[in-house]
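**Student:** okay, predicted coordinates and the sequence, questions at the end:
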Amino acid sequence: MKTLKLTKGDFKKRENSYLSDYIGKENIADFEGHLEIAGDLGYVFFQSVKVFGRLGIDAGEGIEAGLGIEAGLSIVCKTVLKIKMRAFAGVCLWRLPEEDEKKIICGRFEGGEIAYGKLEETGDDKKVCEK
């Protein structure tokens, strides 16, 4: 499976906004491969992201998603995790997931609902990861 690495050149800053839009050539709304998103890009916006491989996000401060987040395997946030709706971890469609692949690990969980997966809080809650 190929890996697509998104960097600063794949985004265009919106005028009078803190957001940058994805302008890359690849269709990441239905991408067959692995996707890696670099850190220190500021706030980036995607209309839709669907990856049939591994999704890697290097987030300096946190991650925010419109309503919720779905991961084929585990979700890891080193600090506080805030979800507006629901989180699904371990929705691996190509095989039955192992127990550790259904984990949602975070410093502290605030808001939202764990719809599928097992929550593990580590106690490190200095920063916030919003999903």
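**Tutor:** Good, I have the coordinates.
**Student:** give me the below-cutoff pLDDT ranges for the chain.
**Tutor:** Within the chain, the stretches with pLDDT under 70 are 57-71, 125-131.
**Student:** now do the helices in it.
**Tutor:** Secondary structure of the chain (DSSP state H): no helices present.
**Student:** how is it carved up into domains?
**Tutor:** Domain ranges of the chain: 1-58, 63-131, per automatic domain parsing.
**Student:** can you redo those as a markdown table with mean neighbour count?
**Tutor:** Heads up, the C-betas are built off the backbone N, CA and C, glycines and all. What follows is those, written out as a markdown table (neighbours: other CB atoms under 10 Å):
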| stretch | mean neighbour count |
| --- | --- |
| domain 1-58 | 13 |
| domain 63-131 | 16 |
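**Student:** what about the strands in the chain?
**Tutor:** 3-6, 11-13, 19-22, 34-37, 43-45, 55-57, 69-71, 75-82, 86-89, 103-110, 113-116, 118-121, 128-130 (DSSP state E).
**Student:** I'd like these laid out as TSV, including distance to residue 28.
**Tutor:** Formatted as TSV, the strands of the chain follow (distance: least, CB to CB, whole Å):
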stretch	distance to residue 28
strand 3-6	7
strand 11-13	12
strand 19-22	7
strand 34-37	6
strand 43-45	11
strand 55-57	10
strand 69-71	15
strand 75-82	19
strand 86-89	19
strand 103-110	23
strand 113-116	24
strand 118-121	28
strand 128-130	21
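**Student:** of those strands, which is nearest residue 96?
**Tutor:** Residue 96 lies closest to strand 113-116 among those, at 13.0 Å (CB to CB).
**Student:** wait, isn't residue 77 in contact with residue 108?
**Tutor:** No. Using CB atoms under 8 Å, residue 77 makes no contact with residue 108, being 9.5 Å away.
**Student:** separation between residue 121 and residue 105?
**Tutor:** 8 Å (CB to CB, to the nearest Å).
**Student:** likewise residue 73?
**Tutor:** Residue 73 is 12 Å from residue 105, by CB to CB.
**Student:** do residue 122 as well
**Tutor:** For residue 122 relative to residue 105 (CB to CB), the value is 7 Å.
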